[in-house]
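> I need the structure of the sequence given here:
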Amino acid sequence: MSTHPTAAITIADGEITVDAKLLAPKLGLSAAALKAEMRKGRIDSVAEAGIEEDARRIRLTFRYRTRAWTAVIESDGTVVERISPMWMPRKRAPIA
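Now for the predicted structure:
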């Protein structure tokens, strides 16, 4: 696992901020489109605090339609691991 410091993710007073220029291409969007989709509530995000040996780390996951991106960060915002963007299969209705 390699460490990639970045100012694109910051943590202040318990608030995590991810730069749209980092996140948008991971979800197949421009920064402007990402912000618009966030305002519409179409971007889902989860922040999970690590336990035991990962207690100082946070796993961030962002989902948009059929795409998802996850990063593991230190408590100072340093990216420890970037997990490649994932494509989630669409659920298809059974053919009657």
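
> use CA for all of it now, contacts and neighbours both
Will do.

> Could you pull out the buried residues of the longest helix anywhere in the chain?
In the chain, taking DSSP state H as the definition, the longest helix is helix 31-39. Neighbour-count burial for helix 31-39, with 16 or more other CA atoms under 10 Å as criterion, is recorded at 31, 34, 35.

> quick one: the helices in this structure?
Under DSSP H, the chain gives helices at 20-26, 31-39.

> re earlier: would you list the buried residues of helix 31-39 in a markdown table and tack on distance to residue 65 and pLDDT?
Formatted as a markdown table, those follow (distance: CA to CA, whole Å; pLDDT from 0 to 100):
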| residue | distance to residue 65 | pLDDT |
| --- | --- | --- |
| 31 | 16 | 96 |
| 34 | 12 | 97 |
| 35 | 15 | 96 |
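
> which one among those gets closest to residue 66?
Set against residue 66, the nearest of the buried residues of helix 31-39 by CA to CA is residue 34 (14.4 Å).

> Can you name the residues that contact the closest one?
With contacts defined as CA atoms under 8 Å, 6 or more residues apart in numbering, the neighbours of residue 34 are 20, 24, 43.

> want to throw the residues you listed into a markdown table with neighbour count and pLDDT?
Listed next are the contacts of residue 34 as a markdown table, based on neighbours: other CA atoms under 10 Å; pLDDT from 0 to 100:
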| residue | neighbour count | pLDDT |
| --- | --- | --- |
| 20 | 18 | 94 |
| 24 | 18 | 95 |
| 43 | 17 | 96 |
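
> Of those residues, just say which sits nearest to residue 63.
Using CA to CA, residue 43 comes nearest to residue 63 of those, at 5.8 Å.

> Angles on the backbone of the closest one, please.
Dihedral pair for residue 43: phi -110, psi 120, per degrees, to the nearest 10.

> Not including adjacent chain positions, what is the nearest residue to residue 63?
residue 44 (5.0 Å; CA to CA, 6 or more residues apart in numbering).

> Report the contact partners of the one you found.
Counted by CA under 8 Å, 6+ apart, residue 44 has contacts 62, 63, 64.
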